[in-house]
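K.L.:
sequence and computational prediction follow.
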Amino acid sequence: MRLKISFLLAALWLFVSPSFLFAGNVRVSDDTDECLECHRTVTPGIVADWENSRHSKVTLSVAMKTGTLERRVSCATIPAGLGDTAVGCAECHTANSSSHEDTFEHNGFDVHIAVTPEDCAICHPAEEKQYRGNLMSMAYPNLKGNPLYRKLMDTVNSVATWENGKTEAGMPTTATENLSCLVCHGTKVEVKGMKTRETKLGDMDFPVLTGWPNDGVGRLNPDGSKGSCSACHTRHAFSISEARKPEACAACHKGIDVPAYRVYSVSKHGARYKDMNNKWNFEAVPWEAGKDFTAPTCATCHVSLVTADGETVVKRTHRMNDRNAYRLLGLIYAHPHPGSPDTTVIKNSAGLHLATELTGEPVSAFLIDKKEQGRREAEMKRLCLCCHSTQWTDNHFDGIKNAIKTTNAMTLSATRIILDAWDKGLASGLPDNIFDEGIERMWVEQWLFYANSVRFAAAMSGADYGVFDNGLWYLSKNMRQMSELLKLMESARPHGKQQKNRQ
Amino acid sequence: MRLKISFLLAALWLFVSPSFLFAGNVRVSDDTDECLECHRTVTPGIVADWENSRHSKVTLSVAMKTGTLERRVSCATIPAGLGDTAVGCAECHTANSSSHEDTFEHNGFDVHIAVTPEDCAICHPAEEKQYRGNLMSMAYPNLKGNPLYRKLMDTVNSVATWENGKTEAGMPTTATENLSCLVCHGTKVEVKGMKTRETKLGDMDFPVLTGWPNDGVGRLNPDGSKGSCSACHTRHAFSISEARKPEACAACHKGIDVPAYRVYSVSKHGARYKDMNNKWNFEAVPWEAGKDFTAPTCATCHVSLVTADGETVVKRTHRMNDRNAYRLLGLIYAHPHPGSPDTTVIKNSAGLHLATELTGEPVSAFLIDKKEQGRREAEMKRLCLCCHSTQWTDNHFDGIKNAIKTTNAMTLSATRIILDAWDKGLASGLPDNIFDEGIERMWVEQWLFYANSVRFAAAMSGADYGVFDNGLWYLSKNMRQMSELLKLMESARPHGKQQKNRQ
Amino acid sequence: MRLKISFLLAALWLFVSPSFLFAGNVRVSDDTDECLECHRTVTPGIVADWENSRHSKVTLSVAMKTGTLERRVSCATIPAGLGDTAVGCAECHTANSSSHEDTFEHNGFDVHIAVTPEDCAICHPAEEKQYRGNLMSMAYPNLKGNPLYRKLMDTVNSVATWENGKTEAGMPTTATENLSCLVCHGTKVEVKGMKTRETKLGDMDFPVLTGWPNDGVGRLNPDGSKGSCSACHTRHAFSISEARKPEACAACHKGIDVPAYRVYSVSKHGARYKDMNNKWNFEAVPWEAGKDFTAPTCATCHVSLVTADGETVVKRTHRMNDRNAYRLLGLIYAHPHPGSPDTTVIKNSAGLHLATELTGEPVSAFLIDKKEQGRREAEMKRLCLCCHSTQWTDNHFDGIKNAIKTTNAMTLSATRIILDAWDKGLASGLPDNIFDEGIERMWVEQWLFYANSVRFAAAMSGADYGVFDNGLWYLSKNMRQMSELLKLMESARPHGKQQKNRQ
């Protein structure tokens, strides 16, 4: 009886408080110990985060002893000095210090501020490599280095003035870009000298960083690397659980231009997540469908190593677009996914950095081919098939393709109106900024907001996001209103004139 | 002492893991056993769902032995063969097989794909009957079978083209309707022959279903029935807990046209739900106010059997509109609730299939009378009175009526502008499509979006959804902008002409 | 072993069910006992709420014995008769009865309906005093008593008609205002005689209250006080946990005009809250960063007593704007925070009740000075520094200032367009209503919606709310469309005329 009680208690204990499981006796390095001595007082919040994290509880030697499926680290051998202590402050903030421009002398240590994917790659090289193959890692240059998209950015971020009946757009400041597009795309983090700052422990010298703080997925780091693992695995918990929850993705994938989280929220999968996530196990590696969770989150379909009935369904990938046959968002038309994460190389026949012509035809040389599309779709479908029949799954994907066709057609119609407006001199087209005038703004919203919403709704069964919540109702209304505005502008201008309508 | 410990342990066990309570020893039928043999491997996710469900844990015989208030089944006697085994795969997917057009031979069984309300009615006949009395069960014909609303659907779903300065709306495809309005309203599920499909266990023949997958509330099923219980009680968990949480309703009641969930979320009830739902008991039948929950969810007011201080407050009903005195959403004006779930029979004096005239007067013959309105309101108020005083409750309902009056008046004003536009030939009115032109679109949003939002806000104390979040600000702004657009269109057209302005 | 088991069990018990901790043996007063006798049956929901609340479990004497940091009451001595019983129905609803116009005779007691901050101040005088210094406490007069803002209210709430080609705005009713702006700002609760009402226990007489029910933060109460503690600490639980969760604030701070909750939701802090709040301790006083929570909620930064590593970081304050250096929302331009909670005293050089000129220059006499701004910012930053470095924090606040500068500039540009419109007679400016015409509405949205959204996004790192989700994209688009509309209106009007364009 006593034994039985002990056993039950142990079982209960495990059940009730999994976060305590790994607590305990892992030794920290002398360097980290020295960091903690002050930082426990100076920044107690992040120390607490780390203490609750797996990094403080499991040494790399132990982490590497687990089976292949259970492993969360991907290094082949134990890097020097990292085997038998916790992964603490010093292990990350003094790693690769010579390649970091933000390295500075701090109480006897060569410390750098921004921990980057290159630093994480010491223990997680496979994930870092996959991530480099991911569009997200190129989110900064793909936006700012594309001459066409650069103009869309400028349209968004510049302060316009109104003088003598004319609008005049100023030059956008980096400070404003950093608060806007680059929050998600990532800033350029640069070192601009040193500065003495007041701290709780007296004055100290620190490098001055511009573009900081930022956790954008394509951040340009002071060591030359791109991205921020903290975008999803927030410092200093670096939690797998957090990254597996849709709220991690919502930070950047909730807005009207990319309503993934909103659509998920009204889907059956989302409703189940909200109902049951407290009973799911977000820590388990591998992640077993039906056992650890009973509806997918973003990570299930796009990132995690998933098993079902004990067998691997899909492998872990940090190339987030690895199962995306199409590029649905952010562009004028949906099209087969770009082949390379660097999309600045793409040019259409008119010399625009676009993967389609303005009238929608894909520029296939830069896009994945049908075979690779098939591979990606098949990979994604394997996940659906854990709970759904082949027919269910096939029909669902037919729906996505129909949504792409329908929304591309509605975008083409709106584009034809814009081409007419340019042709008639009612708006100024290429080589001018094609995103700034009133009717052009409506055109941008046609594809950037409404077409996207319909496609996401189809991809995740998102109900009203396909119709009245920025869906087909807006897609058709916007086109109609564009056409009526064109007529009105035409009627309103002095007769006989084909003037340029610049303000 | 040992006894005490055992007792405490038992108590803790129950408290900690109610989901394990019923686990265990219910026998599955031989047929279901055969299903499980393959499907445990083929679709492990849904098998896990079912294993966690009540259907796998309680036999009908046991379910029928509970007291009247506790009973979740409503059949009078035990249907043949269903008493002593779990309600498993075969029990539902081979039920009523002869009336299902989607029945097919599958490893020796006559299996059908779509489980319908008729199938569920074997054990839950009262709920199925109530549901048939519910507007939702008629969501397909009430939309697609109403000639006026059919045009609104077409406006939303057709692909328009722009050629030679003219928009031309094409015919909408069923595929697009299925991704749009019919996701919630329900598709028509039809069998179109058979097809051999690749499966994990080799090639097999399955019926080809169109309009599938779908969980819409008014789905037309291959057995002739309407609806899908899975809309709220998602397969294969069929959970009462899930259906009682507002997220179940959010799937279809969150959009700008029916913002119930959004309004609830910012209400006091919603804030409490978010704060405390983890401590509530969503499984209890009956559902005791103050004990099992301390603020209502959608289900509390519209569906569930609720008790307070041990006495029945309201009975369970699956006629969801049973306590709704008014129809608030989806129509040009709010009005007394329709009497029949089939609203295709409704016609106003102009021959339009509307429960009001275009100028707002209700067509009373098709609507519930004051007495029935009183009954419904009194029923709803009984729930409020569990926590609120009579005055609080009465004043709250006066607020709803004021919102109806105010929003109907603002809709009438917008309608008068549209009537003027038609009269002046600035837009083309009846018998043409009255929902497609720019100014008509604004009029649609007046009632379909903004008036609704104000009414929902009043009904659930939804704060900003009554004002700036699609509420009165938009209602008054939209009307103003309609009036100014009308003036602008008038000024812009060639003088002396009363031409039709068709594009 | 037995002892150890008992100990473990006790630990588990505490861990599993903190809500049971204080249950038990507190005596209720005879008066409250009499209330409960009926109300347990009549309104069981609120009795259950109270029974689960701290008020039912801890006497004032016990509450006052805790250490200074742990204390939740702020009275210096125990008020007569309140020391040794629970704080029950009678303790609040019969307090200060002579100053309450809503006091009535109820089964032998002088009971009042609306419990007000004055009543709560018996035990919580410091919080009530702080709250009186808070803008929120003046939310009713600051809106309705400001002649300019009164017109914005009227624009929102009046029913407009359309007759003979003209819009005519009617007078708004109090009933509609109570459903709209005043839901959050607070209604005026007045006693209008007595009425006999049917109750479960027979007919009874009650005062008739107008503006009731309401929980607005600036409610005018029948005892002359302002506000409602129940706005955040919902009756009858009066929970500190509820008020510390962002959903409490979301009720009024979620809409497009003040999107605090939405922005928080997509911030790192919000993502962490959603991921981990079930593991946080929302009951602890003081509230220890890193231990009780690992990311701030609204209350952390604006209200709560927060400690870190055992030391006080910030003191509790119910003057919610105590750490706000700027006023970000609701006004044409962001500017230093008003000095007094009563903003009706503010007037600019043109005699408008605005803290800035129409062209943005602050009217400094009514605003806090740089020193007080510095104090408030430093106070807020102390919270950031629990987890972030000085540089991180300073740069973050620089971002807020840049957002203020950028959005103010974009508002000024839009204002210049409006000034032009007034000047050219294309809209009617002062002293007319400046919020009602189409182009004026666009101008209102420039600052009330889009500029706010950008500022909140900067203040809380809210990603897309700074760009496409009502952010900079809309700010620049709206200005552009205003400018084009102005041109169109100008072209459309009869040539040579500078007519007033009134409809």
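P.N.:
Arrived safely.

K.L.:
in the stretch 101-250 of chain A, which spans are strands?
P.N.:
Here the stretch 101-250 of chain A has its strands, by DSSP state E, counting those that start in this stretch, at A:103-106, A:109-112, A:160-163, A:166-169, A:190-199, A:202-210.

K.L.:
what residues of the second one count as buried?
P.N.:
Under the neighbour-count criterion of 16 or more other Cβ atoms under 10 Å in any protein chain shown, strand A:109-112 has A:Phe109, A:Val111, A:His112 buried. C-beta coordinates here come from the backbone N, C-alpha and C atoms, glycine included.

K.L.:
can you pull out the low-pLDDT segments for chain A?
P.N.:
For chain A, applying pLDDT under 70 flags the ranges A:1-24, A:495-503.

K.L.:
which helix runs longest in it?
P.N.:
helix A:390-423 (DSSP state H).

K.L.:
by contact count, what packs against it?
P.N.:
For helix A:390-423, the packing partners by 3 or more Cβ pairs under 8 Å, 6 or more residues apart in numbering or on different chains; DSSP states H and E come out as helix A:370-384, helix A:438-445, helix A:452-460, helix A:472-492, strand B:160-163, helix B:174-179, strand B:190-199, strand B:202-210.

K.L.:
how far off centre is it?
P.N.:
Put simply, helix A:390-423 sits 24 Å off its chain's centre (Cα atoms, centre = their mean, to the nearest Å).

K.L.:
ditto for stretch A:335-352
P.N.:
Centre-to-centre, stretch A:335-352 and its host chain are 19 Å apart (Cα atoms, centre = their mean).

K.L.:
likewise for stretch A:283-301?
P.N.:
With Cα atoms, centre = their mean, you get 20 Å for stretch A:283-301.

K.L.:
for stretch A:354-368, same thing?
P.N.:
Relative to the centre of its chain, stretch A:354-368 is centred 23 Å away, using Cα atoms, centre = their mean.

K.L.:
now do stretch A:163-173
P.N.:
Mean C-alpha position of stretch A:163-173 versus that of the full chain (Cα atoms, centre = their mean) differs by 32 Å.

K.L.:
report the buried residues of the longest helix of chain A.
P.N.:
Judged by neighbour count (16+ other Cβ under 10 Å), helix A:390-423 contains these buried residues: A:390-397, A:399-400, A:402-404, A:406-418, A:420-422.

K.L.:
residues of stretch A:62-80 that come out buried?
P.N.:
A:Ala63, A:Met64, A:Arg71, A:Arg72, A:Val73, A:Ser74, A:Cys75, A:Ile78.

K.L.:
for the third one, give me its contacts.
P.N.:
For A:Arg71, the contacting residues are A:Ala63, A:Met64, A:Val285, taking Cβ atoms under 8 Å, 6 or more residues apart in numbering or on different chains as the criterion.

K.L.:
if you set the cut-off to 10 Å instead, what comes out?
P.N.:
A:Arg71 sits next to A:Ala63, A:Met64, A:Lys65, A:Ala126, A:Val285, A:Pro286, A:Leu305, A:Arg316 when contact means Cβ atoms under 10 Å, 6 or more residues apart in numbering or on different chains.

K.L.:
between those residues, which is nearest A:Thr173?
P.N.:
A:Ala126 (39.0 Å; Cβ to Cβ).

K.L.:
how close does that closest one sit to A:Asp322?
P.N.:
Per Cβ to Cβ, to the nearest Å, A:Ala126 is found 13 Å from A:Asp322.

K.L.:
then A:Cys75?
P.N.:
21 Å.

K.L.:
my guess is A:Cys298 meets A:Ala243, correct?
P.N.:
Yes: counting by Cβ atoms under 10 Å, A:Cys298 does reach A:Ala243; the two are 9.2 Å apart.

K.L.:
which residues do these two both contact?
P.N.:
In contact with both A:Cys298 and A:Ala243: A:Cys232, A:Cys249, A:Ser304, using Cβ under 10 Å, 6+ apart.

K.L.:
same for the helix or strand that contains A:Val313, what does it pack against?
P.N.:
Per DSSP states H and E: A:Val313 is located in strand A:311-314. When contacts are defined as 3 or more Cβ pairs under 10 Å, 6 or more residues apart in numbering or on different chains; DSSP states H and E, strand A:311-314 packs onto strand A:287-289, helix A:298-302, strand A:306-308, helix A:370-384, helix B:44-51.

K.L.:
what about 6 Å?
P.N.:
helix A:370-384 (3 or more Cβ pairs under 6 Å, 6 or more residues apart in numbering or on different chains; DSSP states H and E).

K.L.:
angle of the helix it packs on against helix A:452-460?
P.N.:
Orientation note: helix A:370-384 sits at an angle of 60 degrees relative to helix A:452-460 (axes from the mean of the first three to the mean of the last three Cα atoms, to 10 degrees).
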